[in-house]
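Okay, sequence plus prediction incoming.
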There are 2 protein chains.
Amino acid sequence: MMPRRLSVLAGSGALVSHVVEAALAAGDVVQVVGFAPQPERQGVPLAAGSLTNPAAAIAAIVAFKATHVVLAGALMISDRDREALAGFAGGAPGAAQGDAALSSVTASIEKFSGAKVIGVHEVAAGILADAGQIAGRLPTDAELAAARQGLAAAREVGRLDLGQAVVVAGRRVVAAEDVGGTDELLVRVAAHRAAGRIGNGTGPLVLAKAAKPQQPLYVDLPAIGPDTIANAATAGIEVIAVEAGRALVLDRPSLVAAAERHGIAVIGLSIDG
Amino acid sequence: MMPRRLSVLAGSGALVSHVVEAALAAGDVVQVVGFAPQPERQGVPLAAGSLTNPAAAIAAIVAFKATHVVLAGALMISDRDREALAGFAGGAPGAAQGDAALSSVTASIEKFSGAKVIGVHEVAAGILADAGQIAGRLPTDAELAAARQGLAAAREVGRLDLGQAVVVAGRRVVAAEDVGGTDELLVRVAAHRAAGRIGNGTGPLVLAKAAKPQQPLYVDLPAIGPDTIANAATAGIEVIAVEAGRALVLDRPSLVAAAERHGIAVIGLSIDG
């Protein structure tokens, strides 16, 4: 099999290095196009990406003769950047679209570069959450019920293109992720708990993360990692539930150790049954 | 017509005094049952309410021989209180229900007290938002489009029983109200804007508030007042849209003056067309 020539369109966070290493281990020839600051990586050329000038990234991909492109890592995309990207993707000018709407950007990448856009799970095997226990203790029946409600709510919040996560207290959705991301959501939940608004009942606090139903598998899947566990513990979260097959588990050994340390149950569930 | 004997189950905020004054002006005999600290009001007896002991409030209503009950003002209801209220309302014990689920509490109030629960708009005439311009300048077409998207999203957020408000930037839902309420939502939006995540495009920032579709008209309608305008201005909001006929406009003269001062368009819209 020909080795892939893989351009990694890279944001911030641990996922980028994980994907680069997995690709190199698989024999791929790898380039990073950085949309956020990137470390030097031996044998991996680095090009500069800019959201306001997508054509420059396309040129870098073409110059590298990439056969495949993967998007990895978190990006902060301002309204102005979104308006520029919407134009690049052939949308209406002046429309600051949400993340799911920006999925059409990948079609433009394929059209202009000739490379195929693939998902991080096609590069880093084993990164997708399975159904069942992922880390830590087993959940109770009440926790499972709250987790199922949370995942259904997370999908609705995703349908609005608002975020991919919610927190449930007992039978009640008490907060949803927004453009600030999961870590800020957990800080907010900790504040609600400190204010006495949630968390003093018998019902569990559950963090649930699900993919946006309208998004393809190769863009911005919800992810959890060791930091998620630590921040969740600080917020008083007892269970973390992710959508099986449509969420990423980063740095699994550290995540498992953190879940064990904090007594948190981490599970994968399918939403529809 | 017999004057009503009206028990006002009172939380915090300006709405309580507004309702008490409107009732007195209409010739009602008024009692306040305070679930949050209340000022002395001449000629209005004050009883102490407690969420963890709903029976005491019922006893006060019965002792007053109330013919009608109205719920007014904001309440912070902890998970433990919700579990107690769910039991009072005949729900499953241990279930910390959301606000809409607690609507069944009003049925228990009627059953145990014999009084009829009515809405604040049945006491304070003119408090419901009409369709059309409410205050400030007229919105642009782009602002109207964003407002319609926002109201539809606010209703979905309400269906989850999470909150009654969202903020839209351009075509994108960027934040939703949670158990922290609208003022905290606006503080959060201001922070997102300061971080460069939103607000630097050509699309407008819109605050939209809609009632939860499953809630009756006599419980916890979304409200705006002069403070909402001031906090929205700080967050960079250019338009405030509320659901016509299902939202409260508090202290209208001050709200109109504040909207004028900040150049904010305040409008009422029906969601379905």
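In hand now; what should we look at?

centre of the chain versus stretch A:208-226, how much separation?
Relative to the centre of its chain, stretch A:208-226 is centred 5 Å away, using Cα atoms, centre = their mean, to the nearest Å.

ok, now stretch A:247-263?
Worked out by Cα atoms, centre = their mean, stretch A:247-263 lies 16 Å from the chain centre.

Is there a neighbour count for residue A:208? I'd like the number.
30 (other Cβ atoms under 10 Å in any protein chain shown). In this view, the C-beta of every residue, glycine as well, is placed from N, C-alpha and C.

Let me fix that, I meant to ask about residue A:58.
Using other Cβ under 10 Å, residue A:58 is surrounded by 22 other residues.

Contacts only, for the closest residue to it other than its chain neighbours.
In this structure, residue A:58 finds its nearest non-sequential neighbour in residue A:112, 4.7 Å apart by Cβ to Cβ, 6 or more residues apart in numbering or on different chains. For residue A:112, the contact set (Cβ atoms under 8 Å, 6 or more residues apart in numbering or on different chains) comprises A:55, A:58, A:62.

For the first one, which three-state class applies?
Assigned state for residue A:55: helix (three-state reduction, DSSP: H, G, I helix; E, B strand; the rest coil).

quick one on the thing from earlier: quick one: the residue nearest to residue A:58 is in a helix?
Yes - looking at residue A:112 with three-state DSSP, it is inside a helix.

I'd like to know how far it sits from residue A:35.
Distance, residue A:112 to residue A:35, using Cβ to Cβ, to the nearest Å: 17 Å.

And residue A:115, by the same measure?
Distance from residue A:115 to residue A:35, by Cβ to Cβ: 17 Å.

what does residue A:61 give?
Separation of residue A:61 from residue A:35 (Cβ to Cβ): 13 Å.

Residue A:257 too?
31 Å.

More neighbours: the two, which one.
It is residue A:35, of residue A:257 and residue A:35, that has more neighbours when counted by other Cβ under 10 Å, with 22 against 15.

pLDDT score for that one?
For residue A:35, the pLDDT comes out at 95.

wait, it sits on residue A:46?
No - Residue A:35 lies out of contact with residue A:46 (Cβ atoms under 8 Å); the separation is 11.6 Å.

Run a quick neighbour tally on residue A:272.
Counted with other Cβ under 10 Å, residue A:272 comes out at 7.

Relative to chain B, how far out is it?
18 Å (Cβ to the nearest Cβ, to the nearest Å).

so what's that residue up against?
By Cβ under 8 Å, 6+ apart, residue A:272 has no neighbours at all.

Three-state assignment for it, please.
coil.

So is the helix or strand bottoming out on mean pLDDT in chain A next to chain B?
Within chain A, no helix or strand scores below helix A:79-88, which has a mean of 84 by mean pLDDT, DSSP states H and E. Yes - counting by Cβ under 8 Å from any Cβ of the partner chain, chain B is contacted by helix A:79-88 at A:79, A:80, A:82, A:83.

Nearest spatial neighbour of the last one, chain-adjacent residues omitted?
If the residues on either side of it in the chain are set aside, residue A:83 comes closest to residue B:201, at 4.9 Å by Cβ to Cβ, 6+ apart.

And the first one, by the same measure?
Once flanking residues are discounted, residue A:79 sits nearest to residue B:201: 3.0 Å by Cβ to Cβ, 6+ apart.

measure the closest residue to residue A:181 other than its chain neighbours to residue B:48 for me?
Nearest residue to residue A:181 in three dimensions, chain neighbours excluded: residue A:74, at 7.2 Å (Cβ to Cβ, 6+ apart). When distance is defined by Cβ to Cβ, residue A:74 is 50 Å away from residue B:48.

And those two? Which one has more around it.
residue A:74 (16 against 13).

my guess is the more buried one meets residue A:13, correct?
Yes - the pair formed by residue A:74 and residue A:13 meets the contact definition of Cβ under 8 Å, at 5.0 Å.

List the buried residues of stretch A:215-224.
By neighbour count with 16 or more other Cβ atoms under 10 Å in any protein chain shown, stretch A:215-224 contains the buried residues A:215, A:216, A:218, A:219, A:220, A:221, A:222, A:223, A:224.

Give me the three-state assignment for the first one.
Going by three-state DSSP, the secondary structure assigned to residue A:215 is coil.

so what's it up against?
Contact partners of residue A:215, counting by Cβ under 8 Å, 6+ apart, are A:99, A:100, A:103, A:158, A:221.

quick one, phi/psi of it?
The phi/psi pair for residue A:215 (degrees, to the nearest 10) reads phi -100, psi 140.

Tell me the spacing between it and chain B.
From residue A:215 to chain B the distance is 14 Å (Cβ to the nearest Cβ).

Give the residue spans of chain A that score low on pLDDT.
Applying pLDDT under 70 to chain A flags residues A:1, A:91-97, A:100-102, A:273.

Show me chain A divided up by domain.
A:5-122, A:132-269 (automatic domain parsing).

What distance separates the opening and closing residues of the first one?
The stretch domain A:5-122 measures 14 Å between its terminal residues, going by Cα to Cα, to the nearest Å.

can you check the longest one too?
For domain A:132-269, the first and last residues are 6 Å from each other (Cα to Cα).

Tell me the gap between it and the middle of its chain.
Using Cα atoms, centre = their mean, the offset of domain A:132-269 from its chain centre is 13 Å.

Let me see the contact set for the residue nearest to residue A:162 when sequence neighbours are not counted.
If you skip the residues right next to it in sequence, residue A:162 has residue B:173 as its closest partner in space, 4.6 Å away by Cβ to Cβ, 6+ apart. Contact analysis of residue B:173 by Cβ under 8 Å, 6+ apart lists A:98, A:160, A:161, A:162, B:149, B:150, B:153, B:166, B:167.

In terms of distance to residue A:6, which of those ranks first?
For the contacts of residue B:173, the closest approach to residue A:6 (Cβ to Cβ) belongs to residue A:98, at 27.4 Å.

Let me know the secondary structure of that closest one.
Assignment for residue A:98 (three-state DSSP): coil.

State the distance from the residue nearest to residue A:79 to residue A:182.
Going from residue B:201 to residue A:182 by Cβ to Cβ gives 24 Å.

next one: residue A:219
Residue A:219 is 17 Å from residue A:182, where distance means Cβ to Cβ.

same deal with residue A:269?
With Cβ to Cβ as the criterion, residue A:269 and residue A:182 are 18 Å apart.

now swap in residue A:193 and tell me
From residue A:193 across to residue A:182, the span is 16 Å (Cβ to Cβ).

which parts of the stretch 101-250 of chain A sit against chain B?
A:101, A:142, A:153, A:156-157, A:159-162, A:166, A:169-176, A:178-180, A:188, A:191-192, A:195-203.

just so I know, which of the domains of chain A lies nearest residue B:238?
With Cβ to Cβ as the criterion, residue B:238 lies closest to domain A:5-122 of the domains of chain A, at 12.9 Å.

Surely residue A:37 and residue A:12 touch.
Yes - counting by Cβ under 8 Å, residue A:37 touches residue A:12, with 7.4 Å between them.
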